[in-house]
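1. Sharing a model that was predicted from the sequence below.
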Amino acid sequence: MNSPAQIGRTQALPASSKQAKRSWLNRVGQEWKRNRFAYIVMLPVLVHFLLFEFGPFVFSFVLTFMNWKLIGTPQFVGLANWRNSFNDPLVWQALRNTVLFAAYYVVPTIVLGFVMALIINTGVRGTKVFKTLVLMPFVTSGVIIAGIWQYIFKGSESGLFNVLLSWFGIGPQIYFSSPQLAMLVLAALSIFRVSGYLMIYYLAGLQSIPSYLYEAADIDGATAWQKTWNITIPLLQPIHFFVAIITTISAFQVFEQMFVITKGGPAFATTTIVYYLYQMGFNMLRLGYATVLAFILFVVIFVLSLIQRRYLGKEVSYY
């Protein structure tokens, strides 16, 4: 038999539970009264997030376990799509090609954007015209830039770059038909197009550095290189981190150059993971398999972002 004290505690539990529920509802009601305007304003954003971001994310994850060709009923295949992706040699080649593109593209783009920002920040005559010229490729359609690049690197004697090489006694090169040169030329296209965009961020960072730091360095007799190395580069650490993140993400999402110019060739040398995803999803209608590739890409970018956050994402102080 239960003791009177135990019976009392048992009877008190529902009452305490109801009291806790009323207390929680009261807190919710008070919070709603204080900030209801903010919640009403945020409601469309929340609905948009649920419908167009969280919902598709959950649907795409479920789709990785399905075989669906867009027409008909999806068939559950379990982990077959995941196993096939790990055993597909083209997936690994596409990842290698994407990493190679990133190696050609990320660091040169960041360096070139930084150098151009340094030039413009000097304020010498003609910097406004120079700024306009370097920004034009970015604001121009990527398809148009790809077409221009294809004409410049035309694999014949009439190609503009081959004409330039002929001045130095070098024969014509077939750029987009060479597995060794095709990816390098496509990376150069992205560098040409995006470096002006990164220049804007670096220019904003340069103009936010207090001038008295450079004045103190001048008093100490520092050279231009010493000021750049010891003041400018360290204080631009947040900019370095941001541009490294966005250029790495764009490198692993590169698509339009391959689609317009090389179609993934020659011999799959320019087939990146996004281009292969596009082929599987829209040409072969293997939507479940293509979604697996998208999740693999997500994991790769997420891990790289964490690594960059670890080594580049440090706070800086001017004092």
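-> The structure has been received and is ready for your questions.
2. Val292 - how many residues pack around it?
-> 28 (other Cβ atoms under 10 Å). For glycine as for every other residue, the C-beta is placed from the backbone atoms N, C-alpha and C.
3. again with Phe241
-> Counted with other Cβ under 10 Å, the neighbours of Phe241 add up to 16.
4. I figured it hits Ser305, correct?
-> No: using Cβ atoms under 8 Å, Phe241 is not in contact with Ser305, being 10.0 Å away.
5. pretty sure Arg36 is in a helix, no?
-> Yes: with DSSP: H, G, I helix; E, B strand; the rest coil as the criterion, Arg36 is located in a helix.
6. residue contacts, it?
-> Listed by Cβ atoms under 8 Å, 6 or more residues apart in numbering, Arg36 has no contact partners.
7. Span of stretch 258-277 from start to end?
-> 13 Å (Cα to Cα, to the nearest Å).
8. swap in stretch 74-84?
-> First-to-last residue span, stretch 74-84, Cα to Cα: 18 Å.
9. List the residues that contact the spatially most central residue of the chain.
-> Central residue of the chain (Cα atoms, centre = their mean): Ile249, 2.1 Å from the mean position. Contacts for Ile249 (Cβ under 8 Å, 6+ apart) come out as 301, 305.
10. what does the model give it for pLDDT?
-> With respect to pLDDT, Ile249 scores 95.
11. helix, strand or coil for it?
-> helix.
12. who's in contact with the closest residue to Val106 other than its chain neighbours?
-> Distances taken as Cβ to Cβ, 6 or more residues apart in numbering place Thr247 nearest to Val106, at 4.8 Å, with adjacent residues excluded. Residues near Thr247 by Cβ under 8 Å, 6+ apart: 105-106, 109-110, 194, 198.
13. Can you tell me which of these comes closest to Met42?
-> Met42 lies nearest to Leu198 out of the contacts of Thr247, by Cβ to Cβ, at 32.7 Å.
14. Phi and psi next, for the residue nearest to that closest one when sequence neighbours are not counted.
-> With sequence-adjacent residues excluded and distances taken as Cβ to Cβ, 6+ apart, Leu198 is closest to Gly113, at 3.0 Å. When quoted as degrees, to the nearest 10, the phi and psi of Gly113 stand at phi -60, psi -40.
15. Now do the strands in this structure.
-> Ranges of strands in the chain, per DSSP state E, are 66-67, 75-76.
16. Okay, now the sheet partners of the first one, with direction.
-> Looking back up the chat, that one is strand 66-67. Within its sheet, strand 66-67 is paired with strand 75-76 (antiparallel), according to DSSP bridges.
17. ok, residues contacting the partner strand?
-> Outside strand 75-76, the residues that touch it by Cβ under 8 Å, 6+ apart are 65-68.
18. Return the member of the residues you listed nearest to Tyr214.
-> Closest approach to Tyr214 among these (Cβ to Cβ): Phe65, at 58.7 Å.
19. Now for that closest one, how many residues are close by?
-> Neighbours of Phe65 using other Cβ under 10 Å come to 18.
20. which one in the contacts of strand 75-76 is the model shakiest on?
-> By pLDDT, Trp68 ranks lowest within those, coming in at 88.
21. show me the contacts for that residue.
-> Trp68 makes contacts with 74-75, 287-288, as judged by Cβ under 8 Å, 6+ apart.
22. Skip the chain neighbours and tell me the closest residue to it.
-> Take Trp68 and drop its neighbours on the chain: the residue closest to it by Cβ to Cβ, 6+ apart is Pro74, 3.9 Å away.
23. how near is the one you found to Gly123?
-> In this structure, Pro74 and Gly123 are 61 Å apart, going by Cβ to Cβ, to the nearest Å.
24. Retrieve the pLDDT associated with Phe282.
-> pLDDT, Phe282: 91.
25. actually Phe52, not the one I wrote
-> At Phe52, pLDDT is 90.
26. Neighbours of it, how many?
-> Phe52: 10 neighbours (other Cβ under 10 Å).
27. Could you measure from Trp229 over to Pro56?
-> From Trp229 to Pro56 the distance is 46 Å (Cβ to Cβ).
28. Also Thr140?
-> Taken as Cβ to Cβ, the span from Thr140 to Pro56 is 30 Å.
29. Ok, Thr109 next?
-> With Cβ to Cβ as the criterion, Thr109 and Pro56 are 30 Å apart.
30. Trp82 now?
-> According to Cβ to Cβ, Trp82 stands 19 Å off from Pro56.
31. These two: which has the busier surroundings?
-> Trp82 (17 against 11).
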